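Colleague: Below are the sequence and a predicted model; questions follow.
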Amino acid sequence: MNTMAVRAVGVGGMASLSRFKGALVGAVLGDCVGGEFEGAEEVPMENVLRHLNGLDDETKGDGTLEYSDDTAMARCVVQSLLTRAGFDEQDMARRFAKEYSLAPGRGYGSGVIQVLKKLSSSQLSDVYQPARDQFNGRGSFGNGGAMRVAPFALAFPDLSDVKKYSRSGAMLTHSCSLGYNGAVLQALAVHLSLQGALELPAQFLDKLISEMEEVEDEEASRNDARALKEAEKPFCERLYRLRDLMDRSKVSIEEVICELGNGIAALHSVPTAIFCVLHCLQPRESLPPHYGGLERTMAYSLALGGDTDTIACMAGAIAGAHYGIEVIPEAWMKCCEGAKEAEVTAQRLHALYHQRAQGGASAPGRGGGLGGEAPATGDEPL
């Protein structure tokens, strides 16, 4: 166990239940709320604020805003990690396929649909093969692995495990390094936020860059970057751009989109989500003064347009892990499908995390559930 995991157990506030709930609920919230503007090229801030203010309408309760494939697949990750008390690629792949077959209208992309259909085959021996076959063997570099990755940071206290299993989980659908490394970056951001690292934003960013320098220092990553005409270490290069934006006294939304992106590629959305969180740690002129940090993060994410539900989902997970559940408006939770269930499930992940940090959890993939509970059926909430 690394020293960061030890501190997480021993220091009040670090990896607290409130942070766990904030991370899972924040992700669901971003997914549900962000769907309003998905695909829009321009989203005036007044439209965003009107949308968010409308969430306080009491008639919009009881899950009026539905979640997308982002949360649907994250549910599968949570269920598998809890049932198997760790990462089991066969179990997780089966859950992805089953979830799609039960609710195919959640907004899945055409590429991943083909993968999920192949994963449903009882004849499939290698669950990673369908993803490797995508796009003539090049694999997908989309953000589908990153959008569902937060639960890995909530299940494993050790940073090396977070990196290892978030990568493996993403590779079930995204075999290109620009896809799965984006998932690793997102998981690292949630992991560090859970430890309180956002209290020192510059060091938080330095740590992400340091970790991604190592993650991207692989031949496969360099080959993929070269093939796509990207920088040798594309995520590191984006994080350096992010740092430059943070150093400016003022930065426009247009500049953020130009420098970081707002699209469906992991490279064009994961660093963007991280920027949203960092940028909104302090009050902003364009945002209501009564907004807290998570509300600012959500509003700013939506104002970027593009893949708003996924960027807001990822930003919501990082911000939620920093601020905790208490800052999330109750009215927002009431109108988002799956938010209350996510709060409940976060408690089980919290127990697994601390059990593992203290050396008491089952080894990943051996099964046995958590704390003597019966294995999950796949029907329990997120």
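Modeller: Received the coordinates, thanks. Numbering: from 1, shown residues only.

Colleague: Can you tell me how far Leu287 is from Cys336?
Modeller: From Leu287 across to Cys336, the span is 20 Å (C-beta to C-beta, to the nearest Å). (Each C-beta comes from the backbone N, C-alpha and C, glycine too.)

Colleague: Between these two, which is the more surrounded one?
Modeller: Using other C-beta atoms under 10 Å as the criterion, Leu287 and Cys336 rank with Cys336 on top: 27 against 18.

Colleague: quick one: the more buried one and Gly30 touch, right?
Modeller: No: assessed by C-beta atoms under 8 Å, Cys336 is found out of contact with Gly30, at 9.3 Å.

Colleague: what about stretch 183-190, average pLDDT?
Modeller: Averaging pLDDT along stretch 183-190 gives 98.

Colleague: Now find how far off-centre that stretch is within its chain.
Modeller: 7 Å (C-alpha atoms, centre = their mean, to the nearest Å).

Colleague: Name the residues that touch it?
Modeller: 23, 145-146, 149-150, 152-154, 159, 162-163, 166-167, 169-170, 174, 207-208, 211-212, 215, 235, 266, 270-271, 273-274, 277, 314, 317-318, 321 (C-beta atoms under 8 Å, 6 or more residues apart in numbering).

Colleague: run the last query once more with 7 Å
Modeller: Contact with stretch 183-190 is made by 23, 145-146, 149-150, 152-153, 162-163, 166-167, 170, 208, 211-212, 215, 235, 270, 274, 314, 317-318, 321, as judged by C-beta atoms under 7 Å, 6 or more residues apart in numbering.

Colleague: cool, stretch 296-304 as well?
Modeller: Counting by C-beta under 7 Å, 6+ apart, 29-30, 33-34, 37, 43, 45, 48-49, 52, 253, 256-257, 262, 272-273, 276-277, 279-280, 284, 287, 291, 308, 311-312, 315-316, 319 sit against stretch 296-304.

Colleague: Okay, now the unreliable bits of the stretch 51-200 of the chain?
Modeller: Per-residue confidence for the stretch 51-200 of the chain (pLDDT under 70) gives these ranges: 58-63.

Colleague: returning to that earlier point: and the contacts of stretch 183-190, which of them are in helices?
Modeller: 23, 150, 152-153, 162-163, 166-167, 170, 208, 211-212, 215, 235, 270, 274, 314, 317-318, 321 (DSSP state H).

Colleague: Produce a PyMOL select command limited to the buried residues of those.
Modeller: Typed into PyMOL, the line below selects the buried ones among the ones in helices among the contacts of stretch 183-190, using 16 or more other C-beta atoms under 10 Å:
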select buried, resi 23+150+152+153+162+163+166+167+170+208+211+212+215+235+270+274+314+317+318+321
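
Colleague: in the stretch 51-200 of the chain, which spans are helices?
Modeller: 69-84, 89-102, 110-119, 129-137, 150-155, 159-170, 177-194 (DSSP state H, counting those that start in this stretch).

Colleague: and what of the stretch 201-350 of the chain?
Modeller: So, for the stretch 201-350 of the chain - with DSSP H, counting those that start in this stretch - the helices run 201-215, 219-227, 234-247, 253-260, 270-279, 293-303, 308-323, 330-334, 339-357.
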